[in-house]
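S.K.: have a look at this fold, sequence not included:
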């Protein structure tokens, strides 16, 4: 049964509910308000990814940024504006 693995993989990848998707849409609509309607799609996507995937407190996140020189240089650099 060579196709059994693919069938089971696809079956198990279907979520049991749509709660996660609803949460993501809720996060996006909270970011994309009438006041902030000029945000680009990439910016809203990035904000939603950060909110969904990171649960660091501020002091821990600060330690991560300060200890990673490459990340720190990327943050303060102008490459993101000149690409």
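M.R.: Received it, and whenever you're ready, just let me know what you need. Just so it is clear, the model here is predicted, and its values are computed rather than measured. Residues are numbered from 1 along each chain as shown.

S.K.: SS state for residue 71?
M.R.: helix (DSSP: H, G, I helix; E, B strand; the rest coil).

S.K.: pick out the residue nearest the middle of this protein.
M.R.: residue 49 (1.1 Å; C-alpha atoms, centre = their mean).

S.K.: could I get the pLDDT score of residue 17?
M.R.: Listed pLDDT for residue 17 reads 81.

S.K.: run a quick neighbour tally on it.
M.R.: By other C-beta atoms under 10 Å, 7 other residues sit near residue 17. Quick note: C-beta positions are derived from backbone N, CA and C, even for glycine.

S.K.: please apply the same query to residue 44.
M.R.: 16.

S.K.: that one: which element?
M.R.: Element membership for residue 44 (DSSP states H and E) is helix 41-53.

S.K.: following that helix in sequence, what is the next regular element?
M.R.: helix 58-67.
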